[in-house]
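**Q** return a 3D structure for these sequence lines:
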Amino acid sequence: MISLCIIVFLCRHASFVEPFQSVPTWSPNLIYKYRGQYSYNREKSFFLSSVRKTSIEQTQKPRSRRSRSSRRRSSSLTKDLKHPDAVETWRIYGVDVDPDSLGCSSKKTRSNEKDKAHQDVSPERLYMTTPVLTSLLTRLRIKPNHLVDDSKDDQVELPPELIDTRVIRRSTDARRRKGSDPKYTYVVDVDITKGNARALKFVHQPGRMERVNFESDLKKRNEVDADGLDNRATLPKVLIIGAGPAGLFCALSLASSGFKPIVLERGQPVEARGKSIGALIHRRSIDPESNFCTWSDGKLTTRIGRNSEPVRYVLETLVNYGAPKRILVEGAPHLGTDNLVRLLRNMREDLKLKGGEIHFGCRASKFDIQDGVITSVEAENSDEKVNANAEKNVSFNQLDAVVLATGHSARDVYQELHASGVTLEAKGFAVGFRIEHPQRIINEIQYGKEWGRRVFVSNESEQLGQKFTHRMSTDDANAQHFGKYDTDDKTAHSGNLPVPSYRLATNEAFDGESNRGAYSFCMCPGKLKCQIVPSSTEEGELCINGMSFSNRDSLWANSACVVTVSPDDPILDKYQSTHGQLAGLEFQRDMERKAWTLGGGNFTAPVQRLTDFVAGRVSSSVPSSSYRLGVKSAACHDIYPKPLYNALVNAITQHFEKQMPGFLTHEALIHGVETRTSSPLRVVRDPKSLEALGVHNLYPAGEGAGFAGGIVSAAVDGLAVAEVIKAKFLGEGKSSSQGTPFSVGFDY
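**A** All right, here's what the predicted structure looks like:
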């Protein structure tokens, strides 16, 4: 009561009200301004009412009744705004769409979708359908005037507040949340004027709504600008070892700026490499320099920011060289082994047109390092080139820069670097098996009984512009599997879903003494012609991997299931005593030799039912497998040291099965072994110059050097190395590199 009297007294005191008398009109912003200054709360709300009443009376201007939200919007629009008609782009996340709403579109609309799919229409336009726009407008709290007219070719009519919309990414969210159904989740870019963005209360919120800055000059950096090189008597001589993602992107970036890079690739051209693959599959004859290990299926998933500028640049570059445009939109983009042939050939030809060189069948064998500077590299030509009158040994001298962009399986390169005194350090890696499930089981686990039946490979492929003349075998198997469940018309769905994948991980895989990390890796869903293949590089060692084509179906889905090994892991002690920093390499080899022996040799893979692996018993029978060189039931649980086996079993039974009930099934088959998930070594480099520690002009890059974990991150790291090389030789102001903010590195 006493406090109320004090407040009333203050409200009536002239000196206290006086500061408000100079305010010409009342604004709700004043409430917020003085609310904190005078410790406003709900108990004192009548105080603000008194102040507001006093201000209105003093201005003597009648006030129309409007809602608080309307007054806020009006107030924000009256503020000074520079260039309110200027256009800016906002990225909107979490635009959710019910698959049924996509499936219920009219026949006319679906016909337009198919027509556009076969035309030269970007996926960002193809996927912007009426349900997507409706969800976007709901997300932005915009009331649509009217949407699509099926009689027109255009699918979407934008409201006046928006200028343009584009789908940047589409993914599927199959997480079970209190009975919620699967849904498509979109990321959409919206072009809008600054005035309308202010009126709609657009606020920069990372991960929800972000203002996109397209003023970056990453693309300009890689345009031809050789002014700084024209003044040199001789061009800088740059040698790039390895024509993988890091090497190719580095070479193309340098060539675009006037350099004449020389690329060495130990394998054969991609179109000729298929012959070596055929010899391995049909005659079980392996070429150490040209095999499945040097043959990628083109998964473009990455952990360095799917929407970041360097990642988008890499994807757009791949599209420019012939990759499917849908990789720009898909949440889990994938090239496919068959698409890589055309893509890599185009990149190679463009490199040559820009003045670069590429030597296939040429393996770097020795590094000449004098006084801490690498000046020359010796290489050996393959027997095929020698038979074509080429010299066996060739030297590349007077080098200004050497980019080391080999893959993680170039074990001879690691040994040569170690012998040459280049600083190497052990890093974490992971080993395990490849697990194969029937795709129909993954469909039910991920989508449930109601939605699992709505997975159609042929339908999805047709929407992406791929023609098929028959019903896919995956669709037949899926229909037969879900046909055993009764269907209620009330719960029947009309929408279709893509073939699901999965990702599993835990940091609490108990090995008997401590916890380890365990995770799934490189998952190949059955919408593609996915299969398990040998990725060995030598006879007597068996390592496997998963591979997928772009537009064919498969009855199986496979993924690596691996457990982490740290650099100081006790299981490496016996290898470190004799191999030192190369202990991880020798451990990998030892596990591959065991798998070769268990399979009986000749690249036959040892296999075991997942339930038997967990129980520690040999399977009496095994289901069919996609591995084409044959499988043999064996004691896969005896391959790895006991701690690794215990951690895998604990991860599968106590974590993965809980994350995906049904994952642990007798129909799942493990194949041994998967050991080359990443490099067990890192070539130590300076974080600013990106040169190898203690060796000038040597630039380790990509996955083999230990600074990437896949195609995209390796390509990004190659671009980072190209930037520092250009900055070094073009001088300040010639390169726009701001350090290397997009260089990456992984522990495993």
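**Q** secondary structure element for residue 595?
**A** helix 583-599 (DSSP states H and E).
**Q** that helix: how far from the chain's middle?
**A** 30 Å (Cα atoms, centre = their mean, to the nearest Å).
**Q** pull out the buried positions in that helix.
**A** By neighbour count with 16 or more other Cβ atoms under 10 Å, helix 583-599 contains the buried residues 583-589, 591-592, 594-596, 598-599. All C-beta spots, glycine's among them, are computed from the backbone N, C-alpha and C.
**Q** again, but for stretch 360-368
**A** Here stretch 360-368 shows 360, 361, 362, 363, 364, 367, 368 as buried, counting by 16+ other Cβ under 10 Å.
**Q** with stretch 277-285 instead?
**A** Buried, per 16+ other Cβ under 10 Å, within stretch 277-285: 277, 280.
**Q** neighbouring contacts of that stretch?
**A** Applying Cβ atoms under 8 Å, 6 or more residues apart in numbering, the external contacts of stretch 277-285 come out as 286, 287, 291, 292, 295, 534, 602, 603, 628, 629.
**Q** on that earlier part again, which element follows the helix holding residue 595 toward the C-terminus?
**A** strand 605-609.
**Q** let me know the average pLDDT across that next one.
**A** For strand 605-609, the mean per-residue pLDDT is 98.
**Q** what are the contacting residues of the helix holding residue 595?
**A** 411, 414, 426-427, 429, 431, 536, 540-543, 565, 567, 571-572, 575-576, 578-579, 605-606, 631-632, 634-636, 638-640, 672-673, 675-676, 680-681.
**Q** direction-wise, compare that helix with strand 605-609 and give the angle.
**A** Taking axes from the mean of the first three to the mean of the last three Cα atoms, to 10 degrees, one finds helix 583-599 and strand 605-609 inclined to each other by 80 degrees.
**Q** still on that earlier bit, farthest pair in the contacts of stretch 277-285?
**A** Maximum pairwise distance in those, criterion Cβ to Cβ, is 20.2 Å, between 295 and 602.
**Q** the two - which one has more neighbours?
**A** Shown here are residue 295 and residue 602; by other Cβ atoms under 10 Å, residue 295 has more neighbours (19 against 11).
**Q** just give me the longest helix of this protein.
**A** As assigned by DSSP state H, the longest helix anywhere in the chain is helix 711-730.
**Q** need the CA coordinates for that helix. CSV is fine.
**A** C-alpha atoms of helix 711-730 as CSV (Å, rounded to 0.1, in the frame of the first residue of the first chain):
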residue,chain,number,x,y,z
ILE,A,711,35.0,-35.9,-52.0
VAL,A,712,33.6,-32.5,-51.1
SER,A,713,35.9,-31.7,-48.1
ALA,A,714,38.9,-32.9,-50.2
ALA,A,715,37.9,-30.6,-53.0
VAL,A,716,37.5,-27.7,-50.6
ASP,A,717,40.9,-28.4,-49.1
GLY,A,718,42.4,-28.5,-52.6
LEU,A,719,40.9,-25.1,-53.3
ALA,A,720,42.4,-23.8,-50.0
VAL,A,721,45.9,-24.9,-51.1
ALA,A,722,45.4,-23.3,-54.5
GLU,A,723,44.6,-20.0,-52.8
VAL,A,724,47.8,-19.9,-50.8
ILE,A,725,49.9,-20.8,-53.8
LYS,A,726,48.2,-18.0,-55.9
ALA,A,727,48.7,-15.6,-53.0
LYS,A,728,52.4,-16.5,-52.8
PHE,A,729,53.2,-16.1,-56.5
LEU,A,730,50.7,-13.5,-57.6
